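Colleague: Next comes the sequence, and after it the predicted model I'd like to discuss.
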Amino acid sequence: MPCSEQTRIPVRSALAETFPYSRAVRIGSIITVSGTGAYSPDGQIVGPHDPYQQAVRIYQIIDDALRHFGVTRDDVAHVGIHLTHIAHWEAVGRAHKEYFFSEPPSVTLTQVSGLLYPEMLVLIDAMAVIA
């Protein structure tokens with residue numbers, strides 16, 4: 001039995017049929033948003049090979065997930081940013097700064113050997129805490 005009430009945002013996609021996951025989960029006062037790629041509503045990659053455009057789209061998706069729980073980017077405590085090429089840090093950093101223009105969260109920035117599709121350059125996950 002869960003120790004706290006849990007709420008999940010399910011994912012309905014071909015990927016989730018094979019590899020089930022939730023877009024976001026709230027347990028008590030903590031909300032986690034899964035690693036998010038730059039997908040359009042029809043499942044296409046937004047900004048193929050453009051790390052800035054991908055990061056902008058990813059933050060839009062994260063915003064949607066946070067709104068589902070009645071919170072905003074101001075409640076985000078931590079962001080994990082995963083890049084296929086560390087050289088993209090400045091382009092992604094520009095989108096990050098636009099998104100978190102006032103009080104930035106803690107951040108982990110890593111380079112990974114690859115993501116699900118070759119045109120994906122950025123994957124971002126987030127954790128928010130409701131005070």
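Modeller: Cool, got the structure.

Colleague: Report the beta-bridge partners for the residue nearest to residue 71 when sequence neighbours are not counted.
Modeller: Nearest residue to residue 71 in three dimensions, chain neighbours excluded: residue 128, at 5.4 Å (C-beta to C-beta, 6 or more residues apart in numbering). (Each C-beta comes from the backbone N, C-alpha and C, glycine too.) With DSSP bridges as the criterion, residue 128 is bridged to residue 31, residue 76.

Colleague: again, but for residue 9
Modeller: Applying DSSP bridges, one finds that residue 9 bridges with residue 24.

Colleague: what sits against it?
Modeller: With contact set as C-beta atoms under 8 Å, 6 or more residues apart in numbering, residue 9 has these partners: 22-25, 65, 68.

Colleague: roughly how far apart are the residue lying closest to residue 29 once chain neighbours are set aside and residue 96?
Modeller: Spatial nearest neighbour of residue 29, chain neighbours left out: residue 130 (4.4 Å); criterion: C-beta to C-beta, 6+ apart. As for residue 130, its distance to residue 96 is 22 Å (criterion: C-beta to C-beta, to the nearest Å).
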